[in-house]
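Chemist: I'd like to go over a predicted model; first the sequence, then the structure.
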Amino acid sequence: MKQKLETLLQHVIASLKSEGILDQEIMPKINIERTKDAKHGDFATNLALVLAKPAKTNPRQLADKIILLLPEDSLVSKVEIAGPGFINFFITADSQFQIIKQIHDGGQNFGLSQIGNGKKVQVEFVSANPTGPLHVGHGRGAAYGSAVADLLHAVGFDVSKEYYVNDAGRQMDILATSIWLRYLEECGEVVVFPSNGYRGEYIRDIAFNIHKNSGNEYRHPVELVTEDIPADEPQGGDKELHIDALISRAKTLLGQSLYRDLFQAGLTVILDDIKDDLEEFGVSYQEWFSERSLMEDNSIKDALNRLDTAGYIYEKDGATWFASSQLGDEKDRVVVRDNGQSTYFASDIAYHMNKLDRGFDQIINIWGADHHGYIPRVRAAMRALGADESKLKVLLVQFAILYRGTEKVPMSTRSGEFVTLRQLRSEVGTDAARFFYVMRKSEQHMDFDLKLATSKTNENPVFYVQYAHARVCSVLRQLDEKGLKRNLNLGMDNLDKLTESHETALITLLSKYPETLEKSALQYEPHQLIHYLRDLANSFHTYYNAHQFLVDDEAVRNARLNLICAAKQVLSNGLSLLNINTPESM
RNA sequence: GUCCCCGUAGCAUAAUUGGAUAAUGCAAUCCCCUCCUAAGGGAUAGAUUGGCGGUUCGACUCCGUCCGGGGACGCCA
């Protein structure tokens, strides 16, 4: 429809030029929009406002001229000038009704498009360290990331969802050591647990199982474990030095093989738990990408070599640095520490090189907002690797700040005090959790009041939308109980009987679904789809209360049934895309 | 201190990315089941879009500045 109007306006511009009102060189961007208010017709253009200046006239006069030059078209019933010079288009009712047929024919594919043109897109999200269960902050990233990916898929991109597993590095060493210390407690040793260790209950569970299965295999007397270890912070020492010493003690006492077993046991249990958690949350991945694999197959070395060849690597203070400040970063960054270990950033350079090598046209990283300072250095790395930097898109998700009533809930994985995604799901349900998370713009700070979310009231908007769907199903059951049959063709032949204001409002809204989907996807804003679905549900509920569908007049009845079935189809398509259930009854 | 994000009715969020009278849900007041689930609907009230300047036909949106909230500034990940 928009395209149709656009070609009509192209003709007008050509005429304006040939009449000498406009200069030949001017190539205005034709902007056609949906109107907010039905009084303003269906579509509007600001063309006259934009061209008034170059045409050296006032907008309303120019609008007059434009309408005069506008070719006749069977779809357009009326054209008006309004406000400062907007041109409003009214579409004929007949062409509006077509959408009901289109929805019926399209079924669950209605609204999908091919504008992505099969371009390869990778979306990486959540990627939480496997050092503990996912918490509600990760939940937001999971809901948002999967929604963005699924929307892109729906509009024709070839999407691959990926989780980057940080299964290497110091945090994982801290995890392994924490497990070992808890294990020693299981063995009966009396251990003073480090303040910087992971204190969560799940660590004890893992330790308990290791002890159950392997007995005292990993046991060493606590005196040997703590001998000559620098003091922890509560004892007036440094917690970082303390934990690092404990890590290296664990490695020495256990030896490489046993240490690795312990490390692997922890990683497997926690990662499996994360996978289950996400799957239950309706989030699936094509790829779980291991950071450790980048070390084992020399990817990190290769990446650093490439940076070196490009002239961006130097040595200083015993460490290896990447000269990212030459490429837009604030300062240079260490990639190999003076102890020979590569940094997390080095892994990430290799990871992004790997992504590029896999041939993605677009790489989307969804990160927590605390990582925003990290973006310039990754961009610098991509530039140094000679990649097209515009391929990388980083979307930031603000934290969800939890409240219990007015009380702020403190959260830190390390302290062991956090609300897990699992707890949230079991309290409010998976549908509601997903809906809530995605309802807000991602960069918006989000206050999540657990009391409110857990109070099982009808404040939950997800019920509102689902109920609209269930109501249509209910009407169809009633139809059946009355011994009536739906006559699809009769309904389609009588769509012109849908003249009530509630009906035209609903039809107009339905016709907006494809463009809403497209915008949501291309702008990475699933909340737009949620808002649309809420509007649609509202429009349906209003209609439901105002009119009876199962009327005696067979023609009207079937026309109305076709309309509400179209609404049901669109509700179902939208909710399914967001992985939210569409109940037949509630 | 430097940098980034945010500030919209009492609360939580929208606003077709610079468009027309700033929208929706909760909360408040009133009304609607002899009727397809009232987990619904209708009506009323509620806003100087944090403040002040600027850009233009037109600003919640862009620029400047100030105020307030959050975050980032490691040889951690």
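Modeler: The structure has been received and is ready for your questions.
Chemist: do the longest helix seen in chain A and RNA strand B come into contact?
Modeler: Among the segments of chain A that qualify as a helix by DSSP state H, the longest is helix A:239-280. Yes - using C-beta under 7 Å from any atom of the strand, helix A:239-280 reaches RNA strand B at residue A:240. For every residue, glycine as well, the C-beta is placed using N, CA and C.
Chemist: now do residue A:447, the pLDDT please.
Modeler: Confidence at residue A:447, expressed as pLDDT, is 69.
Chemist: check residue A:417 too.
Modeler: 58.
Chemist: now the angle between helix A:239-280 and whichever strand or helix holds residue A:137, please.
Modeler: Of the helices and strands defined by DSSP states H and E, residue A:137 is found in helix A:136-154. On the basis of axes from the mean of the first three to the mean of the last three C-alpha atoms, to 10 degrees, helix A:136-154 is oriented at 50 degrees to helix A:239-280.
Chemist: show me what the following helix or strand past helix A:136-154 pairs with in its sheet, parallel or antiparallel.
Modeler: Downstream of helix A:136-154, the first helix or strand assigned by DSSP H and E is strand A:158-165. Sheet pairing for strand A:158-165, assigned by DSSP bridges, gives strand A:120-124 (parallel), strand A:287-290 (parallel).
Chemist: residues in contact with strand A:158-165?
Modeler: Under the criterion C-beta atoms under 8 Å, 6 or more residues apart in numbering, residues A:116, A:118-127, A:130, A:145-146, A:149-150, A:152-153, A:271, A:284-291, A:351, A:360 lie in contact with strand A:158-165.
Chemist: make it 6 Å
Modeler: Strand A:158-165 has contacts (C-beta atoms under 6 Å, 6 or more residues apart in numbering) with A:118, A:120-124, A:126-127, A:149, A:152-153, A:285-290.
Chemist: those, buried ones only, as a PyMOL selection?
Modeler: Buried members of the contacts of strand A:158-165, defined by 16 or more other C-beta atoms under 10 Å, are picked up in PyMOL with:
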select buried, chain A and resi 121+122+123+124+126+127+149+152+153+285+289+290
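Chemist: which bits of the stretch 201-350 of chain A sit near RNA strand B?
Modeler: Checking the stretch 201-350 of chain A against RNA strand B by C-beta under 7 Å from any atom of the strand, the hits are A:240, A:291, A:316-319, A:330, A:333-334, A:337-339, A:341, A:343-345.
Chemist: confirm residue A:431 sits in a strand?
Modeler: No - counting by DSSP: H, G, I helix; E, B strand; the rest coil, residue A:431 is not part of a strand but helix.
Chemist: in the stretch 251-400 of chain A, what residue comes closest to RNA strand B?
Modeler: residue A:373 (2.5 Å; C-beta to the nearest atom of the strand).
Chemist: domain map for chain A?
Modeler: Per the record, chain A has its domains at A:2-91, A:170-280, A:297-397, A:400-454, A:461-577, by automatic domain parsing.
Chemist: which of these has the lowest average pLDDT?
Modeler: Among the domains of chain A, domain A:400-454 scores lowest, at a mean of 73.
Chemist: pop out the phi and psi values for residue A:2.
Modeler: Phi and psi for residue A:2, reported as degrees, to the nearest 10, are phi -60, psi -40.
Chemist: contact partners for the closest residue to it other than its chain neighbours?
Modeler: Sequence neighbours aside, residue A:32 is the residue nearest to residue A:2 in space, at 5.0 Å (criterion: C-beta to C-beta, 6 or more residues apart in numbering). Applying C-beta under 6 Å, 6+ apart to residue A:32 gives the contacts A:2, A:5, A:43, A:45.
Chemist: quick check: the gap between residue A:32 and residue A:41.
Modeler: 11 Å (C-beta to C-beta, to the nearest Å).
Chemist: check residue A:232 too.
Modeler: Using C-beta to C-beta, one gets 72 Å for the distance from residue A:232 to residue A:41.
Chemist: how about residue A:247?
Modeler: 70 Å.
Chemist: ok, the nearest residue to residue A:262 once chain neighbours are set aside - contacts?
Modeler: In this structure, residue A:262 finds its nearest non-sequential neighbour in residue A:176, 5.3 Å apart by C-beta to C-beta, 6+ apart. By C-beta under 6 Å, 6+ apart, the residues touching residue A:176 are A:262-263, A:266.
Chemist: narrow the residues you listed to those that are buried.
Modeler: Going by neighbour count (16+ other C-beta under 10 Å), the contacts of residue A:176 have A:262-263, A:266 buried.
Chemist: helices or strands up against the helix or strand hosting residue A:508?
Modeler: If you go by DSSP H and E, residue A:508 is part of helix A:501-511. If you count contacts as 3 or more C-beta pairs under 6 Å, 6 or more residues apart in numbering; DSSP states H and E, helix A:501-511 packs onto helix A:93-106, helix A:526-546.
Chemist: so does that helix get close to RNA strand B?
Modeler: No - Helix A:501-511 stays clear of RNA strand B (C-beta under 7 Å from any atom of the strand), getting no nearer than 8.7 Å.
Chemist: quick one, phi psi at residue A:315?
Modeler: Torsion angles, degrees, to the nearest 10, at residue A:315: phi -110, psi 140.
Chemist: what bridges to it?
Modeler: On the basis of DSSP bridges, residue A:315 is bridged to residue A:320.
Chemist: and what of residue A:342?
Modeler: residue A:336.
Chemist: how far away is it from residue A:209?
Modeler: Residue A:342 is 32 Å from residue A:209, where distance means C-beta to C-beta.
Chemist: so between the two, which is more surrounded?
Modeler: Set residue A:342 next to residue A:209 and count neighbours by other C-beta atoms under 10 Å: residue A:342 wins out with 22 against 14.
Chemist: hang on, isn't the more buried one packed against residue A:299?
Modeler: No - contact criterion C-beta atoms under 6 Å: residue A:342 and residue A:299 do not qualify, at 10.6 Å.
Chemist: residue contacts, residue A:48?
Modeler: By C-beta under 6 Å, 6+ apart, residue A:48 lies in contact with A:59, A:62-63, A:66, A:85.
Chemist: from those residues, which are also near RNA strand B?
Modeler: Within the set of the contacts of residue A:48, contact with RNA strand B (C-beta under 7 Å from any atom of the strand) is found for A:59, A:85.
Chemist: of the contacts of residue A:48 - the most surrounded one?
Modeler: That'd be residue A:63 among these, by other C-beta under 10 Å, with 28 neighbours.
Chemist: surely it meets residue A:82?
Modeler: No - with contact defined as C-beta under 6 Å, residue A:63 and residue A:82 do not form a contacting pair (8.9 Å).
Chemist: overlap in contacts of the two?
Modeler: Common contacts of residue A:63 and residue A:82 (C-beta under 6 Å, 6+ apart): none found.
Chemist: what's around residue A:26, how many residues?
Modeler: 13.
Chemist: any idea how far it lies from RNA strand B?
Modeler: 15 Å (C-beta to the nearest atom of the strand, to the nearest Å).
Chemist: then residue A:129?
Modeler: 5 Å.
Chemist: next one, pLDDT for the closest residue to that residue other than its chain neighbours please.
Modeler: Distance criterion C-beta to C-beta, 6+ apart; nearest residue to residue A:129, sequence neighbours excluded, is residue A:166 at 4.8 Å. Note for residue A:166: predicted pLDDT of 93.
Chemist: wait, doesn't residue A:166 sit right on residue A:131?
Modeler: No - when contacts are counted by C-beta under 6 Å, residue A:166 is not listed as touching residue A:131 (8.4 Å).
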